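[1] Requesting a structural model of the entry that follows:
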Amino acid sequence: MSRQQILDAIPHREPFLLVDEILEWEPSRIVCAKVFSGREEFFKGHYPRFPLVPGVLLCEAAMQCGAILLSRHLPQTPGRIPVATRMNDVRFKRMVRPGETIRFEVALVERLADAFFLKAKATVDGKTAVRFEFACTAAAMGEKGLGIGD
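    Okay, the predicted model is just below:
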């Protein structure tokens, strides 16, 4: 699927857009891919002699995949975007290096009104790098941005 579909689905933009490609997209499941080149600024300080993709960025990328998935569940509520509200049971299983293709699988487990509960898994070469559960809520996005904490 096209990069434009990603840009149409979520408000994230470079340098913080962490999804390169949508591989599969079903009503309750999405599979996306990302490759970090190694030229990203954070690698200069995140183990310079042994660069690793920070775990928090793996989680963020997975949640962006979830936001893309949820974009099809929110068209009836214009101006609302999914915003993470919690992460549970985060398990890092494998280090991820620049140049490796990361495959993100995110599934919608349950929806309660504007709250969404999802499971995510990131793999490299079929081996789990991280898995976790997270929740999102549909937050209002106004002229000044998100309507939280204003």
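
[2] Could you grab the helix/strand/coil label for Leu57?
    helix (DSSP: H, G, I helix; E, B strand; the rest coil).

[3] Tell me where this structure has helices.
    3-9, 55-71 (DSSP state H).

[4] Most tightly packed of those?
    helix 55-71 (a mean of 22; mean count of other CB atoms under 10 Å). In this view, the C-beta of every residue, glycine as well, is placed from N, C-alpha and C.

[5] what packs against that one?
    helix 3-9, strand 21-26, strand 29-35, strand 80-92, strand 101-112, strand 115-124, strand 127-142 (3 or more CB pairs under 8 Å, 6 or more residues apart in numbering; DSSP states H and E).

[6] so can I have TSV of the ones you listed showing mean pLDDT and distance to Lys44?
    Putting the helices and strands packed on helix 55-71 into TSV (pLDDT from 0 to 100; distance: least, CB to CB, whole Å) gives the following:
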stretch	mean pLDDT	distance to Lys44
helix 3-9	92	26
strand 21-26	96	26
strand 29-35	98	18
strand 80-92	94	22
strand 101-112	97	20
strand 115-124	97	22
strand 127-142	92	22
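
[7] so Glu36 sits right up against Thr101, yeah?
    To be clear, residue 36 is Phe; Glu isn't right here. No - in this structure Phe36 lies outside contact range of Thr101 using CB atoms under 8 Å: 9.8 Å.

[8] For the residue in the chain sticking out farthest from the centre, give its distance to Cys32.
    Seen from the C-alpha centroid of the chain, the residue lying at the greatest distance (CA atoms, centre = their mean) is Arg49, 26.9 Å away. Note on Arg49: its distance to Cys32, by CB to CB, to the nearest Å, is 30 Å.
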